[in-house]
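[1] model this:
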Amino acid sequence: MNNALNTILVERLGCRVPIIQTAMGWVAEPSLVIGSSNAGAFGFLGAAVMTPDEAREKLLQVRRGTDRPFGVNFHSFQPGADKIVDLIIENKDQVRAVSFGRGPNAKMIGRFRDAGILCIPTVGAVKHAQKMVELGVDMVSVQGGEGGGHTGSVPTTVLLPQVLDTVQVPVIASGGFADGRGLAAALAYGAVGIAMGTRFLLTKESPVPDTTKGEYLRASTDGIVLTTKLDGIPQRMVRSKLMDRIEKSGKLGMWGRAIEASLAMKKQTGASWIELIKSAKGMTSHGAMPLKQAMMAATMPMLIQKAVVDGDIENGVMATGVVGGRINEIPSCQELIDRIVAEADERLQALCAAGA
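    This is a model prediction of the structure:
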């Protein structure tokens with residue numbers, strides 16, 4: 001492997017290659033974390049949609065399936081967040097990092113750092129990267145507008161150098177990456193690695209049903225849309241009959257979906273209405289988000305669950321990055337990582353030869 005791939009990300013996270021498998025809700029389950037970690041990447045368990053009991057069991061599953069270090073993603077405003085934080089720290093011998101969006105304060109970040117666990121938030125704006133560094137995080141993952149799910153408007157090719165010029169911590173590039181050419185390009189910018197979601201979603205170890213994977217494979221770049229109709233925040237999704245109906249719906253329709261999803265989340269998690277509202281209020285306190293919008297955002301995973309867990313593509317939504325429009329096959333995690341490393345090696349060697 002080219003020495004350029006042996007970055008500080010590899011050194012500090014203990015993985016073999018500078019590639020992170022991101023924590024997609026309902027997708028970053030033990031099977032995918034085990035597959036990506038054993039293949040040499042650094043896998044994140046998506047605990048942000050789990051109860052503490054579920055997180056405990058799935059942490060054990062990952063540990064049974066791999067002796068490689070891995071990470072856990074959570075939200076500080078989710079029901080049972082404090083218990084999940086305790087679980088993460090209890091497993092600090094193998095949990096090397098945590099990821100999150102907005103939420104943790106300096107005290108919680110300090111607690112992770114005292115336990116030797118790296119904090120790697122995902123940010124979509126320069127100001128958010130600056131804020132996270134001020135709070136004491138170890139690295140930042142920069143997601144450009146090409147990324148899936150909730151996303152910003154600034155392309156990775158613009159946002160990445162902006163953040164690299166602004167902060168003094170290692171920066172990981174995400175949003176639009178799927179192959180070795182992208183990894184070589186990210187390293188050329190000055191990033192220490194890449195993070196991929198959609199590309200790992202479409203692997204053999206991904207728990208997403210085959211029917212849903214097939215729908216992802218059929219989506220072209222023109223069939224991927226950016227919408228604000230799900231919860232008021234820009235999100236990138238695969239276009240479908242349901243998404244077309246949602247795009248035509250008004251505020252009343254948005255509230256209807258929020259109430260339906262809230263009922264489903266309440267049933268699944270056992271949380272009370274007070275706990276759900278508290279969770280939504282936790283989101284409002286970190287980003288000037290109106291309560292009604294936060295309530296919809298807090299329950300959005302239930303709509304994603306219909307598609308990626310139940311395989312119900314008629315009544316669920318499918319988050320994706322734009323890069324999903326050029327993915328046309330489903331390799332194993334090992335096949336994917338080996339190919340990315342080979343492609344990156346080839347590109348780096350070609351660049352060095354050209355400059356010789």
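
[2] Only C-alpha atoms from now on, for both contacts and neighbour counts.
    Will do.

[3] what's the neighbour count on Asp114?
    11 (other Cα atoms under 10 Å).

[4] what sits against it?
    Contacts for Asp114 were tallied using Cα atoms under 8 Å, 6 or more residues apart in numbering; there are none.

[5] Ramachandran coordinates for it?
    For Asp114, the backbone dihedrals (degrees, to the nearest 10) come out as phi -60, psi -30.

[6] Check Ser99 too.
    Comment: the main-chain dihedrals of Ser99 come out as phi -130, psi 150, following degrees, to the nearest 10.

[7] Counting neighbours, what do you get for it?
    Taking other Cα under 10 Å as the neighbour definition, Ser99 ends up with a count of 24.

[8] Distance check, it against Gly321.
    Taking Cα to Cα, to the nearest Å as the criterion, Ser99 is separated from Gly321 by 19 Å.

[9] And Leu59, by the same measure?
    Here Leu59 is placed at a distance of 27 Å from Gly321 (Cα to Cα).

[10] Looking at these two, which one has more neighbours?
    Gly321 (30 against 23).

[11] give the contact list for that one.
    Under the criterion of Cα under 8 Å, 6+ apart, the contact list for Gly321 reads Glu146, Gly147, Gly148, Gly149, Gly175, Gly176, Gly197, Thr198, Arg236, Met237.

[12] Looking at those residues, spot the one nearest Ile327.
    The shortest gap between Ile327 and any of these belongs to Thr198, at 8.9 Å (Cα to Cα).

[13] ok, the closest one touching Val323?
    Yes: with contact defined as Cα atoms under 8 Å, Thr198 counts as touching Val323 (7.5 Å).

[14] The two: who's more crowded?
    When Thr198 is set against Val323 and neighbours are counted by other Cα under 10 Å, the residue ahead is Thr198, at 28 against 21.

[15] Please report how far Gly148 lies from Val317.
    Distance from Gly148 to Val317, counting by Cα to Cα: 12 Å.

[16] Mutual contacts of the two, please.
    Overlap between the neighbourhoods of Gly148 and Val317 consists of Met237, taking contacts as Cα under 8 Å, 6+ apart.

[17] If anything else comes up later, I'll come back, but that's it for now.
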